[in-house]
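>>> Turn this into a model:
(chains A and B)
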Protein chains: 2
Amino acid sequence: MDNLWAIGIDLGGTKIEGALVGSDGSLQHQISYPTKAASGAEAVIQQILSLISEIKQKSTEPICGVGIGIAGQIEGQVVRFAPNLNWHDIPLVEKLAPFVKAPIYLDNDVQMTTRGEKKFGAGQDCSNFICLNLGTGIGGGIVMNDSLVAGSSHTAGEFGHLTVLLNGPLCTCGNRGCLEALSSGWAIAKRAREELLDLSKDSPLFKLSQGQKENISAALVFQAAAQKDPRALIIVQNAVDALIAGLVSIINGWNPQRIILGGGLLKGYLQFLPEIKKGIYQRALPAACTALEVLTSTCQGNASLLGAAVLVFESIGDKKC
Amino acid sequence: MDNLWAIGIDLGGTKIEGALVGSDGSLQHQISYPTKAASGAEAVIQQILSLISEIKQKSTEPICGVGIGIAGQIEGQVVRFAPNLNWHDIPLVEKLAPFVKAPIYLDNDVQMTTRGEKKFGAGQDCSNFICLNLGTGIGGGIVMNDSLVAGSSHTAGEFGHLTVLLNGPLCTCGNRGCLEALSSGWAIAKRAREELLDLSKDSPLFKLSQGQKENISAALVFQAAAQKDPRALIIVQNAVDALIAGLVSIINGWNPQRIILGGGLLKGYLQFLPEIKKGIYQRALPAACTALEVLTSTCQGNASLLGAAVLVFESIGDKKC
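Numbers count the residues shown, from 1 in each chain, chains lettered A, B, ... in the order given. Presented below is the predicted three-dimensional model:
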C-alpha cells in the first residue's frame, strides 16, 4: 500500500514540535519552536498555524490530516485544561479549522505517545501495556485488550496521582503522597532546593548548582547523585523507592505485559534501572509478573508526534487524502 | 427470546454456592455447602459434582453449561493457585468433565462478579467501571471500553495490592503498605487482636469479643466502632483513610464512571460511606471525577453466581443448549 502522510504535532508548555509523518512511521521536516505560552492562547494558535504551513510548504505529498498532542485534558475538539499553557476551554479545532485544509484531531500528549509506541515503538504486537512518562510531572497511557483506555472523562492513566505514601508530601494536585510528589522532576528539584542551605560547599550538588536554587533541576540532582553526592543520593533513592511502589501498584492493578518507560527524566532514572527492576520483581505479585517486561521507549522522543499522526490515519480510515 | 439456563457456582474457601441461573437474571434452586477445603482438592471436587447434580435434579430445563467462579488465579481450564483452598495447578475442568454433560467454564470469582454486575447489576449500561470487593482480602474487577480487563496473565484488578503506604505494615503477599494490609478484613481483625491486652474490660471491643482473640473478626471491630469503642474507632478510621487512598489511586489511574463496592466487609464500611465519598472527591483529580458515581452492588451477594452463568451464555453464543 502507498504511504500516507499526516502532520503530527506535540504541543507542550516549553516547546511546540511538528513533523510530516508517513503511515510507515517515517519522519520528515521535523521543526520545533519555543512555545509562546506566556503570550496567551491566540499567540500559540498562530504558532501552530505557522508550523503547519511550514511543513506543508516543504512537503510535496498530499496531507491526510493534522494530529495534535497536548499536555492537558482534551475533550473531543476542545482543550478543557492545559496547565502548562494556562489554557481553559479552548476550542482548538474550531480556531484552526478555517486555516487548515485537512481534518484536525486532538488528544492528550501521553495518549498520543501510547499510540506511537503501539504502532511504531516498544508496544508493537502487545495487547496489554502501560506507558509511563517520567518528566516534570508523571503521566501514563494504557492499552488493554488491544485498545487505548481513555476512561470515562479522558483522564485514565494519571499514574502520577496514585497515592503511594498516605499523608506524605503535598502534591500540586492538592492531595498528599502522590507518586508525582515523590518521584517527578518537580519533586526531586524541590527536595534538593530545600536542602541547599545545609550543603557543604565542596559537595557536587552545591558545585553543580553554583549554590543557586534556581540552577537546581532534577537532571542536575541525578548528575550530583552519579558523582556520589550524599544528599542527592538520598533524594534520588527516595524517588526510586516511591517509583518502585508506583510501578508495583501499576503491575498489581493492571497486569500489563509491558511497561514502557519514557520522558525527559528517564535518562536520570536509567542508572537505577537494575535496582528498579529488582524492586518490582521482589514486591509485585509473582502471578502479575509472569509475562512482564520493563522496557524503555524506542521512539527516540518522537512517540507523541508519531502517535498524533497515527490518530489521523486511524480516524480517516480507508478514505483517500 | 426464550430464557436459557446455566448453573452458576461460586467456590470459596468457606462455602461453595450454586444456583440455576436464567439468561434473564432469575435465580432458582440456590444451594450452599461449607467447603471441605481442609479435606483436599478431591473432596471439594466431589462437593462441586454433588451441587451440580442436586441442581440438575431440581431443574426441568435443559442446562447450557456450568460456570464456576473461584477465589484464585485461573488460567483457562486450570486453577493455578487458590490460597483459601490450598490448591495449586488443579485441572478442574478435566476433573469435572467426565461427570458433567455440559460445557464447563472457569474464572476468578471477582471477574465473575464483574460480569454479574455488568449484565444484571450496578454496572448495566456502563462502559467503564470498577468493582471493588471488600472482604477478608480486597480484589477488584475492571470493565473498560465495554470489555472485561483481565491483563496479560489474568491478574488485573488486584487492587488489594496497590501500595498506599510506602514501608507500611507487612501484607500477606510479602510486600509492605498494600491497601489490603490496612483496610481488609484480615488486617482490621489483626490490628484489633494486637490491641486486645491493652483494652479496658468495660470497652465494647473487649465485651463483644469476651476478651478472646479468636472471637475478633473485622465485623466485630466495626460493631465495636459503631458502639464508639475508642480503639476500634482508631483502627477503623485508619482502614477508612487507606481505603480512600486506594480508591483515589483507582479513580486517578482508571478514570471509571462507576465504582461498585461489594463484599462481606461492605456492611461494616457502609456507616463510613459518606466520609469515604467526601474523601474521594476532595483528594482525587477533579477531572477524573466529573462522571464518577460510587455505588454499592445491587446483586445481593449473588453477583458472582450470576456472572458465572453470564460467562456460560457468552461462551456458547448462539448455540442451542
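
>>> what sits against residue A:310?
A:67, A:112, A:115-116, A:118-120 (Cβ atoms under 8 Å, 6 or more residues apart in numbering or on different chains). For every residue, glycine as well, the C-beta is placed using N, CA and C.

>>> Doesn't it belong to a strand?
No. Residue A:310 sits outside any strand when classified using DSSP: H, G, I helix; E, B strand; the rest coil, being helix.

>>> ranges for the helices of chain A?
Assigned helices in chain A, in chain order: A:41-58, A:92-96, A:109-120, A:180-183, A:185-195, A:204-209, A:218-226, A:230-254, A:266-270, A:273-283, A:303-316 (criterion: DSSP state H).

>>> if I pick whichever residue of the stretch 201-321 of chain A sits closest to chain B, what's in contact with it?
Closest to chain B within the stretch 201-321 of chain A is residue A:255: 2.5 Å, counting by Cβ to the nearest Cβ. Neighbouring residues of residue A:255 by Cβ under 8 Å, 6+ apart: A:128, A:288, B:150-158.

>>> nearest to residue A:58, of the residues you listed?
residue A:128 (38.6 Å; Cβ to Cβ).

>>> For the closest one, the count of nearby residues, please.
22 (other Cβ atoms under 10 Å in any protein chain shown).

>>> how about it, phi and psi?
Phi and psi for residue A:128, reported as degrees, to the nearest 10, are phi -140, psi 100.

>>> I figured residue A:258 was touching residue A:127, is that so?
No. Counting by Cβ atoms under 8 Å, residue A:258 does not reach residue A:127; the two are 9.9 Å apart.

>>> More neighbours: these two, which one.
residue A:258 (21 against 16).

>>> which parts of the stretch 101-250 of chain A sit against chain B?
A:127-128, A:142, A:144-145, A:147, A:149-159, A:161-166, A:168, A:173-175, A:177, A:241-242, A:245-246, A:248-250 (Cβ under 8 Å from any Cβ of the partner chain).

>>> Just the buried ones from those residues, in ChimeraX syntax?
Buried members of those, defined by 16 or more other Cβ atoms under 10 Å in any protein chain shown, are picked up in ChimeraX with:
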select /A:127,128,142,144,149,150,151,152,153,154,155,156,157,158,159,161,162,163,164,165,166,168,173,175,177,241,242,245,246,248,249,250
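
>>> Might one say that residue A:215 is in contact with residue A:209?
Yes. Residue A:215 is within contact range of residue A:209, at 4.2 Å (criterion: Cβ under 8 Å).

>>> Looking at these two, which one has more neighbours?
Counted by other Cβ under 10 Å, residue A:215 and residue A:209 do not tie: residue A:209 has more neighbours, with 22 against 12.

>>> Am I right that the more buried one is in contact with residue A:197?
No. Taking contacts as Cβ under 8 Å, residue A:209 lies outside contact range of residue A:197: 11.9 Å.

>>> Would you reformat the contacts of residue A:255 as JSON lines and include distance to residue B:85 and pLDDT?
Formatted as JSON lines, those follow (distance: Cβ to Cβ, whole Å; pLDDT from 0 to 100):
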{"residue": "A:128", "distance to residue B:85": "27", "pLDDT": "98"}
{"residue": "A:288", "distance to residue B:85": "20", "pLDDT": "94"}
{"residue": "B:150", "distance to residue B:85": "21", "pLDDT": "94"}
{"residue": "B:151", "distance to residue B:85": "22", "pLDDT": "96"}
{"residue": "B:152", "distance to residue B:85": "24", "pLDDT": "95"}
{"residue": "B:153", "distance to residue B:85": "20", "pLDDT": "91"}
{"residue": "B:154", "distance to residue B:85": "17", "pLDDT": "90"}
{"residue": "B:155", "distance to residue B:85": "17", "pLDDT": "91"}
{"residue": "B:156", "distance to residue B:85": "22", "pLDDT": "95"}
{"residue": "B:157", "distance to residue B:85": "20", "pLDDT": "96"}
{"residue": "B:158", "distance to residue B:85": "18", "pLDDT": "95"}
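
>>> In the stretch 201-321 of chain A, where is pLDDT below threshold?
By pLDDT under 70, the weakly predicted segments of the stretch 201-321 of chain A are A:320.

>>> on that earlier part again, so of the residues of the stretch 101-250 of chain A next to chain B, which ones are in strands?
A:142, A:144, A:147 (DSSP state E).

>>> wait, which of the helices of chain A is closest to residue A:295?
For residue A:295, the closest of the helices of chain A is helix A:109-120, at 9.3 Å, according to Cβ to Cβ.

>>> Which elements pack onto that closest one?
Helix A:109-120 is packed against strand A:5-11, strand A:66-70, strand A:129-134, strand A:138-144, strand A:147-148, strand A:258-262, helix A:303-316, with contacts defined by 3 or more Cβ pairs under 8 Å, 6 or more residues apart in numbering or on different chains; DSSP states H and E.
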